[in-house]
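> Okay, structure incoming, though there's no sequence with it:
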């Protein structure tokens with residue numbers, strides 16, 4: 001029996017907002033240990049020594065290969081491809097004709113005419129659809145995340161992340177020699193215990209004063225155990241710690257990562273064929289939206305790159321989907337990404353209320369990562385006026401407080417300004433399984449336009 005398409009699911013449910021807000025999502029699931037020791041020490045590792053994460057499970061890899069790959073990327077991506085070549089990487093952004101974001105992912109240039117899109121699948125799905133329906137000589141090969149692998153299947157590649165000030169020393173040791181200098185978000189090659197690997201120089205953790213102490217490393221899955229053990233052995237003298245899923249996701253909040261936008265594909269009549277192509281039980285059909293921000297209009301959840309802190313990833317030096325709309329949107333007011341430091345007194349009140357106030361309890365702050373939906377959006381108020389949204393939130397011992405990543409109007413994005421975050425969902429909470437009955441409340445937060453200082 002054919003599976004239900006996203007278009008059919010939307011017709012059956014009848015309301016895209018309710019489908020996503022009431023998505024029967026379970027608690028955020030990890031395919032690897034939540035903690036190896038404890039999340040506090042694992043968080044300290046990326047500022048004091050080094051922390052090693054296993055990223056081999058939670059992201060889908062989709063490979064695109066063929067003579068039209070570069071044209072496909074240029075015609076679907078907002079990024080510039082003037083200097084694109086193998087061994088380069090980009091934070092790829094795809095938009096609709098209206099200039100609203102489909103999604104983002106990391107794009108790796110592997111060889112000539114062969115690339116890899118890594119991350120949540122909204123962006124890769126959009127590219128694959130254009131390959132299958134457009135005039136592109138491109139082959140698509142998918143390597144689904146571990147949770148979506150067929151029975152008995154396994155990933156093609158391992159993917160590790162190592163973060164912290166001692167990372168260069170550890171990698172020099174496993175490589176039996178110094179690594180070649182590599183700029184931020186540049187790709188490089190070296191070896192671990194004699195096994196060739198490739199790596200991207202970047203960071204998912206807020207390492208003070210440097211963006212070169214984080215590397216995402218990958219290689220054939222057959223070499224996974226050898227490389228993992230070699231890194232552990234080499235890192236022992238430098239205080240390397242293993243990082244579990246809880247620490248991993250809090251690292252992104254510290255560094256200012258806002259996860260993914262709501263794909264802007266649920267309403268436009270011209271995207272009906274795309275919704276018919278997408279499965280109803282895929283990423284877009286099972287997506288969950290949580291938080292206090294809500295609207296009856298699904299289009300109020302869509303954002304442009306200018307509302308998501310990605311101004312620098314929109315280049316008008318080529319023709320691409322959404323270019324004309326984005327040129328107009330570039331002239332309109334936009335939002336700025338900020339870090340929001342939650343006031344300790346309000347956090348303490350919410351903790352106490354969530355545990356002891358019975359039917360009047362506040363939404364529980366699951367520590368250290370209060371994530372209960374794929375897309376998290378809490379309303380931000382300034383002087384009673386809605387000025388933006390707060391996204392992923394977490395507690396880290398490095399900054400010593402609860403914090404979140406927000407996008408607010410430019411006139412409110414002032415260092416030291418106080419704003420109000422509405423915490424909890426409307427009407428006692430949506431129907432998500434991960435949401436208990438609760439009452440909305442408010443908390444104060446201080447605006448920072450740079451990563452929060454270490455405690």
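Done, it's in. Here the structure is a predicted model, which is why all the values come from computation and not from measurement.
> Every contact and neighbour count from this point should use C-alpha atoms.
OK.
> Now the phi/psi pair for the closest residue to residue 114 other than its chain neighbours, please.
Excluding the flanking residues, the one nearest residue 114 by Cα to Cα, 6 or more residues apart in numbering is residue 65, at 4.3 Å. Main-chain torsions, residue 65, degrees, to the nearest 10: phi -140, psi 140.
> any idea how far residue 117 is from residue 65?
Using Cα to Cα, to the nearest Å, one obtains 11 Å as the distance from residue 65 to residue 117.
> And residue 246, by the same measure?
Taking Cα to Cα, one finds residue 246 at 24 Å from residue 117.
> of these two, who's got more company?
residue 117 (26 against 22; other Cα atoms under 10 Å).
> Next up, the contacts around that one.
61, 62, 63, 105, 106, 107, 108, 124 (Cα atoms under 8 Å, 6 or more residues apart in numbering).
> Of those residues, which belong to strands?
Among these, the ones falling in strands (DSSP state E) are 61, 62, 63, 105, 106, 107, 108.
> which of the residues you listed are buried?
61, 62, 63, 105, 106, 107, 108 (16 or more other Cα atoms under 10 Å).
> of all those, which comes closest to residue 317?
residue 107 (18.9 Å; Cα to Cα).
> which ones are touching that closest one?
89, 90, 91, 92, 115, 116, 117, 118.
> Just to confirm, what confidence does the model report for residue 93?
As predicted, residue 93 sits at a pLDDT of 98.
> Oh, that last question was meant for residue 154, not what I typed.
On the pLDDT scale, residue 154 gets 84.
> What about it, how many residues nearby?
16.
> same for the helix or strand harbouring residue 90, what does it pack against?
Residue 90 is part of strand 89-95 when elements are defined by DSSP states H and E. Counting contacts by 3 or more Cα pairs under 8 Å, 6 or more residues apart in numbering; DSSP states H and E, strand 89-95 is packed against strand 101-111.
> Note down every partner strand of the strand it packs on and its orientation.
Strand 101-111 pairs in its sheet with strand 89-95 (antiparallel), strand 114-119 (antiparallel), by DSSP bridges.
> Give the rounded mean pLDDT of that strand.
96.
> how close does the one residue sitting closest to the centre of the chain get to residue 370?
The centroid of the chain falls nearest to residue 259 when counting by Cα atoms, centre = their mean (2.7 Å). Separation of residue 259 from residue 370 (Cα to Cα): 14 Å.
> do the same with residue 329
33 Å.
> Residue 443 too?
On the measure of Cα to Cα, residue 443 and residue 370 end up 15 Å apart.
> And residue 384, by the same measure?
25 Å.
> dump the residue contacts of residue 96.
Counting by Cα under 8 Å, 6+ apart, residue 96 has contacts 102, 264, 265, 321, 322.
> Check residue 48 too.
Taking Cα under 8 Å, 6+ apart, one finds 164, 165 in contact with residue 48.
> Just give the nearest non-adjacent residue to residue 6, would you?
residue 280 (3.9 Å).
> So which of the contacts of residue 117 is the closest to residue 365?
Scanning these for proximity to residue 365, where the rule is Cα to Cα, the winner is residue 105, at 28.4 Å.
> what's across from the closest one in the sheet?
Bridge pairing for residue 105 - DSSP bridges - gives residue 92.
> Could you report the distance from the residue nearest to residue 6 to residue 447?
39 Å.
> could the ones in strands among the contacts of residue 117 be laid out in JSON lines, adding distance to residue 146?
Converted to JSON lines, the ones in strands among the contacts of residue 117 look like this (distance: Cα to Cα, whole Å):
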{"residue": "61", "distance to residue 146": "11"}
{"residue": "62", "distance to residue 146": "13"}
{"residue": "63", "distance to residue 146": "16"}
{"residue": "105", "distance to residue 146": "18"}
{"residue": "106", "distance to residue 146": "18"}
{"residue": "107", "distance to residue 146": "20"}
{"residue": "108", "distance to residue 146": "20"}
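> ok, the residues you listed vs residue 196, which is closest?
For the ones in strands among the contacts of residue 117, the nearest to residue 196 is residue 108 (17.0 Å; Cα to Cα).
> tell me the contacts of the closest one?
Taking Cα under 8 Å, 6+ apart as the test, what residue 108 contacts is 86, 87, 88, 89, 90, 115, 116, 117, 118.
> can you do 6 Å?
Going by Cα atoms under 6 Å, 6 or more residues apart in numbering, residue 108 touches 89, 115, 116.
> circling back to that earlier point, quick one: which two of the contacts of residue 107 are the most distant?
Longest span within those, Cα to Cα: 91 and 115, 12.9 Å.
> Looking at the two, which is more packed in?
Neighbour count, other Cα under 10 Å: between residue 91 and residue 115, residue 115 has more, with 24 against 16.
> Compute the distance between the residue nearest to the more buried one when sequence neighbours are not counted and residue 123, please.
Take residue 115 and drop its neighbours on the chain: the residue closest to it by Cα to Cα, 6+ apart is residue 109, 4.7 Å away. Noted for residue 109: a distance of 16 Å to residue 123, by Cα to Cα.
> what's the answer for residue 242, then?
The separation that residue 242 has from residue 123, given Cα to Cα, amounts to 30 Å.
> Looking only at neighbour counts, state which of the two leads.
Using other Cα under 10 Å as the criterion, residue 242 and residue 123 rank with residue 123 on top: 25 against 21.
> hmm, back to that, okay, residue 384 and residue 370: which has more neighbours?
residue 370 (19 against 9).
> so how far is the least confident helix or strand in the chain by mean pLDDT off the chain centroid?
One helix or strand of the chain scores below all others by mean pLDDT, DSSP states H and E: helix 245-255, with a mean of 92. Averaging C-alpha positions (Cα atoms, centre = their mean, to the nearest Å) puts helix 245-255 10 Å from its chain's average.
> Same question for stretch 421-440.
For stretch 421-440, the distance to the chain centre is 23 Å (Cα atoms, centre = their mean).
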